[in-house]
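Enquirer: below are the sequence and a predicted model for it; my questions follow.
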Amino acid sequence: MSLVALSELLGATVRDATGTVRGRVREIAVAPQDHPTRIAFLIVRTADGERALPPNALKAAGSSVRADTEASSWTRYTPSDGVLLLKRDLLDQQIIDVHGRKVVRVNDVELECTPVNSHLLLDVVAVDVGARGAIRRLSKGVVPSFTLRALLARIPPRVIPWQYVDLIETDPARRVKLKIAYKGLSQLHPADIADIVEDLPPAEREAVFETIDEEVAAETLEELDPDVQVSIVESLDKDRAADIVEEMDPDAAADLLGDLPEEQSGEILKEMEPEERQEVTQLLEFPEHTAAGRMTTEFIAIDETAVADDAIEALKKFEGSREALATIYLTGPGQRLVGAVPLVRIAISSPAVQLSTLSEPYVACAPDTPESEVAALFDKYNLITLAVVDEHGRIAGIITADDVISMLRRKD
Amino acid sequence: MTFLAVVGPGFITASVDNDAGGIATYSVAGAQFGYSLLWIMIPTTVALVVIQEMTSRMGAVTGKGLSDLIREEFGFRVTFFLMIGLVITNFGNIMAEFAGVASSLELFGISKYIVVPLAALFVWALVVHGTYSTVEKIFLSASLFYVCYVLSGILARPDWKAAALSTVTRPDSLGFRNYGYLSMMIGLVGTTIAPWMQFYLQASIVEKGITVRQYKASRLDVIIGCLFASIVAWFIIVACAATLHTIGKYNIETGADAAQALRPLAGEYAYILFAAGLFNASLFAASILPISTAYAVCEGLGLESGLDKRFDEAPAFYWLYTALIVLGAGVLLVPRFPLFRVMVLSQVVNGVLLPFVLIFMLLLINDRELMGEHVNSRGYNAIAWFTVGAMIALSIALLIAQARG
């Protein structure tokens, strides 16, 4: 299974079963009524007119195309209305969003090439709207293809998955419509929604956040760049913003509110439920780039005398993020942290076992520990969560590994 | 009444054609060669009408900008290099416009360090805060202000009979043997048709929402605009011919020079009108050129564009507009900036770009899939290809002349 770009295939030489060059690829066709993504045939310009070559007659498709049939058996191409021609109908066309606003143009189309029983299946997977497709097309035929591939691998892709592209509805101006529709979005992972949202113009972002479920919106927001987060929250009305922020991890919510102008964060806080508001306000007091600024206050801490069954009950009631569940923290007198039990150990022991017997040596840090040291601790002890304890040894919050990963990536 | 509804794009584009650079060229032509180059106004007017008409027809029929069409029909690579060329040449022109703003008000003793930043701020605020229709109204009023040159030409008391005769009679073939005359002639033609005009005209036709049904009226807008622009140009040549050429003062280089030289010859009013006209033209062009660039680049990349959009709806459009104005005005305030060299470079890029743009236009307008029944007729095509061929030959000749210094 490999990805091949439309611009690579266009103009590629086509060899027949004997290995003789017979022509070049001119167009690639999809027959949407037969299959929405599958390539129906390649139109090959040969010395003897244009031929339609189905992918199941192909052995290889890339910067050169090899067929496993004789050129004489290739059927003649006759234009028909029902087919979608990728170069004519898609490449360089304008992409508009659900509101009809211009978003970007199609720089390239990504196809997935799957070998099945000695022939190929080709499917459209995404349209490339980023620098990668642009550079590929600028340097095609100028830069050697292996150098180009190495270069392109360094450029982060910016694509719109094919299932969000709507070509069924014919537009007189041949524009490509996006159906970042509200139904489709809810089935996606929040991280994928975030990717799509990042590429959208502000108005469309706003529309997405107004329609998706609050919980999904909160998780999606967490996955976005801080700048984008801020611009989205600023564009939403305060009630809606507060509803979404409530659903966010308190640490992420605090980071976000910290980035907003004070007046706006104040208004959002005012609209929030008292409990969530308190958590977030506490976190807001810590400097952002320390352990305390990164920690969440939603975690499970139970008395050291409890048994495994109590821990399971606590898990059931827990409303915070799942990442925080990896470790159950044990507290002694005065809420002091005394132990940590990995969730796995609870899962494999009998319900009546006392938690303190399952406890492992725990790692903790002070609230003012710098981010870099937090990351070093995770690395050194292979942690999934890290407890943050105050000067009295009380547990104030925990940091989860996913936060550390995004923190490290943000620094790059 | 449809005419009043569609008037704008054609009139504005043709008027802005008489920008700081255009005024300088016409003034120099009048001062150096008197009435003897006036004959060229008729052929250039025809060329201008033919090309602008095709541009506006494409806009009305396809509902897309020129840059949109080039990207869709000729692909990314062509569009990319075209965009780069267009940004370079337009940037050079924007600088020239701000230089025109500065020099026209320096005549009245106002420092460029005050004028240029204020002018930049004014055109920036106008476009960023205005909608298409308010901006168009302001531009249209600015177009009417070109009447300054007509008045200034009348005040110069030209020999009307000689001027009229030189306009309609065949030129003396002796002139063509003179290198200076020939290069001035090429300069006059070259200043008439520039790539930015096609991008601006087509994009504004689209943004104004003119469709095939209103096209007839829109064509009138283009034709009247071109005629008006040519009349203004004619009067600039005449004003300088009647005064500077008559007394043998040939050595002027800019519009501001011309205004100053007019003062003792045609009187205070002619001088003020000429200088005010230069200020108006430069200021106006300093806004249109960056708009044209921003339209073209955003269309090519498929980003939202247009005067009716808010800044946050079309950020790329407005940022590009802002950057071009800030840089174009900014460099004028840099002491010892090689302004002249940058402008020459931009003229060279302009000359290289023009043939491509014109050929793309002809290919597009004859594309039946795109234009349907509105493709060029055979006769019109002959005129269009001849015009484009002549424009290309002359712009290559201009390039060669510039290369020779």
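Expert: Okay, I see it. Residues are numbered from 1 along each chain as shown, chains lettered A, B, ... in the order given.

Enquirer: so for residue B:314, what pLDDT did the model give?
Expert: Residue B:314 carries a pLDDT score of 84 in this model.

Enquirer: quick one, phi/psi of it?
Expert: Here is the backbone geometry of residue B:314 (degrees, to the nearest 10): phi -130, psi 60.

Enquirer: ok, now residue A:299?
Expert: phi -150, psi 170.

Enquirer: next: residue A:113.
Expert: Taking degrees, to the nearest 10, you get phi -110, psi 110 for the backbone angles of residue A:113.

Enquirer: that one touches residue A:5, doesn't it?
Expert: No. Under the criterion of C-beta atoms under 8 Å, residue A:113 is not in contact with residue A:5, lying 10.7 Å apart. (Glycine included, C-beta is placed from N, CA and C.)

Enquirer: would you say residue A:51 is within a helix?
Expert: No. Assessed with DSSP: H, G, I helix; E, B strand; the rest coil, residue A:51 is strand; it does not lie in a helix.

Enquirer: per-residue confidence for the residue of the stretch 1-150 of chain A found nearest chain B?
Expert: Going by C-beta to the nearest C-beta, chain B is nearest to residue A:105 of the stretch 1-150 of chain A, at 3.0 Å. What the model reports for residue A:105 is a pLDDT of 85.

Enquirer: same thing with residue A:171?
Expert: pLDDT, residue A:171: 55.

Enquirer: and what of residue A:347?
Expert: So residue A:347 comes in at 87 (pLDDT).

Enquirer: burial of it, as a residue count?
Expert: 11 (other C-beta atoms under 10 Å in any protein chain shown).

Enquirer: phi, psi for it please.
Expert: According to degrees, to the nearest 10, residue A:347 has phi -60, psi -30.

Enquirer: likewise for residue B:144?
Expert: Torsion angles, degrees, to the nearest 10, at residue B:144: phi -70, psi -30.

Enquirer: check which helix or strand the nearest residue to residue B:355 once chain neighbours are set aside maps to.
Expert: Leaving out its chain neighbours, the residue that sits closest to residue B:355 by C-beta to C-beta, 6 or more residues apart in numbering or on different chains is residue B:392, at 4.3 Å. When elements are assigned from DSSP states H and E, residue B:392 belongs to helix B:378-403.

Enquirer: what's the offset of the helix or strand encompassing residue A:121 from the middle of its chain?
Expert: Using DSSP H and E, residue A:121 falls within strand A:119-128. Using C-alpha atoms, centre = their mean, to the nearest Å, the mean C-alpha position of strand A:119-128 is found 20 Å from that of the whole chain.

Enquirer: likewise for stretch B:224-231?
Expert: That offset, for stretch B:224-231, works out to 12 Å (C-alpha atoms, centre = their mean).

Enquirer: can you pull out the strands in the stretch 301-412 of chain A?
Expert: Ranges of strands in the stretch 301-412 of chain A, per DSSP state E, counting those that start in this stretch, are A:301-303, A:327-331, A:337-342, A:364-365, A:385-389, A:395-400.

Enquirer: can you list the strands that the first one pairs with?
Expert: Paired with strand A:301-303 in the same sheet, following DSSP bridges, are strand A:327-331 (parallel).

Enquirer: equivalent analysis for the shortest one, please.
Expert: The strands beside strand A:364-365 in its sheet (DSSP bridges) come out as strand A:385-389 (parallel).

Enquirer: now the angle between strand A:395-400 and the strand it pairs with, please.
Expert: 150 degrees (axes from the mean of the first three to the mean of the last three C-alpha atoms, to 10 degrees).

Enquirer: sorry, back to before: what's in contact with the strand holding residue A:121?
Expert: With C-beta atoms under 8 Å, 6 or more residues apart in numbering or on different chains as the test, strand A:119-128 has contacts from A:3-5, A:28, A:30, A:37-39, A:55-61, A:68, A:86, A:90, A:95, A:106-115, A:157-162, A:165, A:176.

Enquirer: swap in stretch B:39-46?
Expert: Contacts with stretch B:39-46, where a contact means C-beta under 8 Å, 6+ apart, come from B:166-171, B:185, B:188-189, B:192, B:226-227, B:230, B:233-234, B:237, B:387.

Enquirer: please enumerate the helices of the stretch 251-400 of chain B.
Expert: Along the stretch 251-400 of chain B, the segments classed as helices by DSSP state H, counting those that start in this stretch run B:255-266, B:268-301, B:315-330, B:339-365, B:368-371, B:378-403.

Enquirer: revised request: answer the last question for the stretch 151-300 of chain A.
Expert: A:182-186, A:190-198, A:202-211, A:214-223, A:226-235, A:238-247, A:250-259, A:262-271, A:274-284, A:291-294.
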